[in-house]
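*Asks:* no sequence on hand, only this structure:
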Ligand SMILES: Nc1ncnc2c1ncn2[C@@H]1O[C@H](COP(=O)(O)OP(=O)(O)OP(=O)(O)O)[C@@H](O)[C@H]1O
Ligand SMILES: [Mg+2]
């Protein structure tokens with residue numbers, strides 16, 4: 001799995017013999033600075049995109065293959081014991097309203113390099129069936145985190161998404177949607193102003209108070225008020241978006257960072273209160289779960305509900321998305337639908353992805 005943060009690749013070895021699947025090992029490979037820049041550039045229009053995409057997809061796939069080697073070594077498991085790899089690819093355009101979502105990937109090359117069957121291109125079938133093609137982790141959230149009380153699961157990746165799980169056995173549909181920015185603007189700001197890849201632990205954001213005027217300006221974004229199903233990406237929440245909203249305000253870089261951190265938390269809190277107010281608690285996963293300042297702000301935004309990291313429920317926050325896509329690969333091979341139509345808005349359940357056999 002490599003998501004919209006464009007930070008690197010999370011690989012898990014998943015035991016799918018029971019539901020939900022269990023992680024046997026995890027490996028992480030950060031992208032080189034060069035590959036990261038290339039991938040981010042490809043998220044917006046530029047010259048010679050076809051050639052650049054072809055080259056970048058190969059480089060990306062080499063990182064996938066290395067992460068797979070790492071995870072097999074960590075688990076001490078032979079590649080011949082692995083039924084398939086689920087390889088999401090790197091989203092460079094997400095345009096469900098135009099009927100497409102593009103993930104850079106070279107699944108045929110991955111099958112060659114890894115010597116394991118590959119399932120790839122998970123989103124296009126849901127989009128073809130009228131859905132958003134996102135979020136797709138909901139099926140895993142239901143199995144891993146569903147319980148006796150209604151619960152909201154929030155994945156804070158580059159973009160944040162929310163799954164609203166009714167209590168187990170309830171007739172109400174599961175809902176889910178992208179709430180807005182997660183880490184992507186925080187990371188951009190840290191790289192631009194502090195030459196650091198991200199705000200480790202949220203220390204920088206904790207050092208100052210947010211600017212409430214800027215926060216209000218950011219909150220005016222119409223996407224936040226749109227009803228689900230909805231999904232988003234770097235197309236909307238770009239550095240240009242932030243610059244437009246900032247206007248000619250003169251603020252210290254740390255203040256802007258604290259404001260962006262608060263924005264992520266407030267937008268999630270509002271989404272919970274507006275669309276899933278029955279939530280008894282909030283489970284957080286994704287890299288944002290390691291940002292203590294963000295979690296503190298999220299507690300305030302979702303109060304009085306408790307906010308807990310997914311690790312409290314037995315799944316490490318940085319393994320959730322990768323496990324979800326391993327399970328989607330399993331579903332493909334088992335001939336089972338992977339999407340949750342009440343979440344994506346698709347006309348029905350669909351088998352997601354395409355198989356590249358070895
Ligand atoms: N120790 C940490 N402290 C603060 N933030 C962290 C820490 N570790 C990771 N992060 C944040 O998490 C991000 C990576 O999160 P993650 O991999 O879940 O996002 P993603 O790749 O966009 O995933 P997806 O789209 O699949 O949800 C980093 O870019 C960084 O912003
Ligand atoms: Mg990531």
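*Replies:* Happy to help now that I have it. Given the structure is predicted, the values throughout are model-derived calculations rather than measurements. Ligands and ions are numbered 1, 2, ... in the order given.

*Asks:* need the residues of this structure near ligand 1, please.
*Replies:* Within the chain, the residues that sit near ligand 1 (C-beta under 6 Å from any ligand atom) are 1-5, 7, 155, 157-158, 183, 186-187, 198-202, 286-288, 290-291, 318, 321. C-beta here means a position set from N, CA and C on the backbone, and glycine is covered the same way.

*Asks:* filter the residues you listed to the buried ones?
*Replies:* Neighbour counting with 16 or more other C-beta atoms under 10 Å marks 1-5, 7, 155, 157-158, 183, 186-187, 198-199, 202, 286-288, 290-291, 318, 321 as buried within these.

*Asks:* out of the residues you listed, which are inside helices?
*Replies:* The helices, defined by DSSP state H, take in 186, 187, 321 from these.

*Asks:* could those residues be laid out in JSON lines, adding distance to residue 47 and pLDDT?
*Replies:* Listed next are those as JSON lines, based on distance: C-beta to C-beta, whole Å; pLDDT from 0 to 100:
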{"residue": "186", "distance to residue 47": "29", "pLDDT": "98"}
{"residue": "187", "distance to residue 47": "25", "pLDDT": "97"}
{"residue": "321", "distance to residue 47": "32", "pLDDT": "98"}
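
*Asks:* quick check: end-to-end length of stretch 6-26?
*Replies:* 18 Å (C-alpha to C-alpha, to the nearest Å).

*Asks:* what about it, average pLDDT?
*Replies:* In this model, stretch 6-26 has a mean pLDDT of 97.

*Asks:* try stretch 129-148
*Replies:* 97.

*Asks:* okay, buried residues for it please.
*Replies:* For stretch 129-148, the neighbour count (16+ other C-beta under 10 Å) marks 129, 131-142, 144-146 as buried.

*Asks:* what do you get for stretch 114-132?
*Replies:* Using 16+ other C-beta under 10 Å as the burial criterion, the residues of stretch 114-132 that qualify are 114, 116-127, 129, 131-132.

*Asks:* and the host helix or strand of residue 189, what does it pack against?
*Replies:* Residue 189 belongs to helix 184-194 when elements are defined using DSSP states H and E. Applying 3 or more C-beta pairs under 8 Å, 6 or more residues apart in numbering; DSSP states H and E, we find helix 184-194 packed against helix 203-206, helix 239-246, helix 253-275.

*Asks:* apply 7 Å and report the result again.
*Replies:* The contact analysis (3 or more C-beta pairs under 7 Å, 6 or more residues apart in numbering; DSSP states H and E) places helix 184-194 against helix 253-275.

*Asks:* average pLDDT across the helix it packs on?
*Replies:* The average pLDDT within helix 253-275 is 98.

*Asks:* show me what it is in contact with.
*Replies:* 152, 154, 156, 160, 162, 164, 175, 179-182, 185-186, 189-190, 193-194, 199, 202, 204-205, 207-211, 214-215, 218-219, 224, 228, 279, 282, 293-294, 297-298, 301-302 (C-beta atoms under 7 Å, 6 or more residues apart in numbering).

*Asks:* what's the helix or strand hosting residue 126 packed up against?
*Replies:* Secondary structure assignment for residue 126, by DSSP H and E: helix 124-128. When contacts are defined as 3+ C-beta pairs under 7 Å, 6+ apart, helix 124-128 sits against strand 100-104.

*Asks:* if we go to 10 Å?
*Replies:* With contacts taken as 3 or more C-beta pairs under 10 Å, 6 or more residues apart in numbering; DSSP states H and E, helix 124-128 sits against strand 100-104, helix 341-344.

*Asks:* tell me which of those is the most buried.
*Replies:* Stretch with highest mean neighbour count among the helices and strands packed on helix 124-128: helix 341-344 (a mean of 23; mean count of other C-beta atoms under 10 Å).

*Asks:* show me what that helix is packed against.
*Replies:* In terms of contacts (3+ C-beta pairs under 10 Å, 6+ apart), helix 341-344 is packed against helix 124-128, helix 138-145, strand 159-165, strand 175-181.

*Asks:* how about a cut-off of 8 Å?
*Replies:* The contact analysis (3+ C-beta pairs under 8 Å, 6+ apart) places helix 341-344 against strand 175-181.

*Asks:* got a pLDDT number for the residue of the stretch 201-350 of the chain found nearest ligand 2?
*Replies:* Closest approach of the stretch 201-350 of the chain to ligand 2 (C-beta to the ion) occurs at residue 287, with a separation of 6.1 Å. What the model reports as pLDDT for residue 287 is 97.

*Asks:* pretty sure it sits against residue 318.
*Replies:* Yes: between residue 287 and residue 318 a contact is recorded at 6.1 Å, counting by C-beta atoms under 8 Å.

*Asks:* and the residue nearest to the spatial centre of the chain, how far from ligand 2?
*Replies:* Nearest to the geometric centre of the chain sits residue 157, at 4.4 Å (C-alpha atoms, centre = their mean). With distances taken as C-beta to the ion, to the nearest Å, residue 157 is found 6 Å from ligand 2.

*Asks:* residue 9 now?
*Replies:* Distance, residue 9 to ligand 2, using C-beta to the ion: 7 Å.

*Asks:* which ones are touching that residue?
*Replies:* 1, 2, 28, 29, 31, 63, 64, 67 (C-beta atoms under 8 Å, 6 or more residues apart in numbering).
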